[in-house]
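model the structure of this input:
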Amino acid sequence: MRSNGGMVRVFALLALAVPVALGCGPSDNQRTLPDESADLDVGGSSSSHLEGTLPAGPDLGGSHWTFVEATCTEGEPRYIEEGFQRTVDIYADDAGLLMVYDHSLGESCQETIVQRAKPGADHDQGWAMSEEARIHEGECPTDPEPDRPGDVRRRGDFIEVYVQRSNWCNGLEVKMVYAPSQRNEFTGDELIRRYAAHFNRKDAGHITQLFAADGSLIDPFTRTPTDQPMRFDGQRAIYDWFREAFANTPWLAMRVTGIEAGPAPGAYTMTWEYMDPRLDVPFGGRNLFTIAGGSIFETTIEITQQEVEVETRDGEPVGGAEAEEPSEPADPPPPEDPEAGSE
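As a prediction, the model looks like this:
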């Protein structure tokens, strides 16, 4: 899925390093902070942070990074305290960079965020930063970031990610610095959060990459001649299932309501609520996962509620009829025409 099309050329790394420390950093003559005067402008990189850096390019595709420090144009970043941990995986394609963050805020909040970073027409112009998905576990104080101007720069062995008018800095510009690192094996929670995030993005390619090469998806919406849920084995079959499921749905939304580890090693359950334009009210369900070797070995989709109770604008509840056993909804997510959207 990587391509150099539409991206800037690959640059050699500079020798200038950024100290690795949280809460303490280099002296003023070693760090160039972003200029807050442009925080209310739309687009364009501030020239103050370009000195000593190079623009990011598609060579970042496939790389993994660990959070080092964050600064705001004024004041201290919110929520970034002792114990804050964050990593980012970067993927490159024709549209720019896709950045997938995993972070934890203490013991009560874990989040996965997918951010699209699209470069400007010129390599020193600002980037467009767009949050495409956010999945969290626990009580998280952070809020989704609206589309913002920003930048992605290389400074020595480090990358600097800028976002203007950021929630991390109470509406001012944030700079987050990351150091290169080796990707550890995905945890079960990380895989499941990424599964839900890429599902909401309707990204069949990235969701399929979470599965083992011989992984399986068990689908209750497609039945065998003996009326059993259909099994799709291997990444090619899984990819085709998701591509067809997303093809005729203009938008969809999965809200994760819980992720729990099961009694057996590698067993997880994700509960969720689902909605798309074809439904009058959401319905509820769950995925049963078997995870091994940092990949999804198998997932089974089950419907647990025919309808999920929601509130209307006047506060009156709608829906709420619960099925005793998992069953097929009247209008399931996969499209009726299995050939729709095929390439």
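
check which helix or strand covers Pro225.
For Pro225, there is no enclosing helix or strand under DSSP states H and E.

for it, give its distance to Gly234.
21 Å (Cβ to Cβ, to the nearest Å). Glycine gets a C-beta too; all of them are placed from N, C-alpha and C.

repeat that for His206.
17 Å.

higher neighbour count, those two?
Comparing His206 with Gly234 by other Cβ atoms under 10 Å, the one with more neighbours is His206, at 19 against 16.

so the more buried one, which of the three states?
helix (DSSP: H, G, I helix; E, B strand; the rest coil).

excluding its backbone neighbours, what's nearest it?
Closest residue to His206 apart from its sequence neighbours, by Cβ to Cβ, 6 or more residues apart in numbering: His198 at 4.5 Å.

confirm that the one you found sits in a helix.
Yes. Counting by three-state DSSP, His198 is found in a helix.

ok, Arg201 touching Glu132?
Yes. In this structure, Arg201 is within contact of Glu132 by Cβ atoms under 8 Å, at 5.2 Å.

which neighbours do the two have in common?
The contact sets of Arg201 and Glu132 overlap at Val114 (Cβ atoms under 8 Å, 6 or more residues apart in numbering).

before we move on, the earlier item: contacts only, for the residue nearest to His206.
Counted by Cβ under 8 Å, 6+ apart, His198 has contacts 114, 133, 206-207, 210.

the residue in the chain sticking out farthest from the centre and Asp219: what is the separation?
What lies farthest from the middle of the chain is Thr226; by Cα atoms, centre = their mean that is 38.0 Å. Distance, Thr226 to Asp219, using Cβ to Cβ: 15 Å.

got it, and His136?
Using Cβ to Cβ, one gets 27 Å for the distance from His136 to Asp219.

all helices of the stretch 101-250 of the chain, in order?
For the stretch 101-250 of the chain, the helices defined by DSSP state H, counting those that start in this stretch occupy 188-200, 204-208, 235-247.

pull the residues that contact stretch 200-210.
Residues outside stretch 200-210 that contact it (Cβ under 8 Å, 6+ apart): 1, 91, 98, 114, 132-133, 135, 186, 191, 194-195, 198-199, 235, 238-239, 242-243, 246, 249, 252-254, 295-296.

not counting residues beside it along the chain, what's closest to Tyr111?
In this structure residue 111 is Glu, not Tyr. His136 (4.4 Å).

pull the contacting residues for that neighbour.
By Cβ under 8 Å, 6+ apart, the contact list for His136 reads 109-112, 142, 193, 256.

ok, now how distant is it from Gly258?
Remark: distance between His136 and Gly258 (Cβ to Cβ) = 11 Å.

next: Glu107.
With Cβ to Cβ as the criterion, Glu107 and Gly258 are 17 Å apart.

repeat that for Pro220.
From Pro220 to Gly258 the distance is 20 Å (Cβ to Cβ).

who has more neighbours out of these two?
The residue with more neighbours, out of Pro220 and Gly258, is Pro220; 18 against 10, by other Cβ under 10 Å.

and the pLDDT at the more buried one?
Note for Pro220: predicted pLDDT of 88.

Arg148 now?
Listed pLDDT for Arg148 reads 94.

that one - how many residues pack around it?
Residues lying near Arg148 (other Cβ under 10 Å) number 23.
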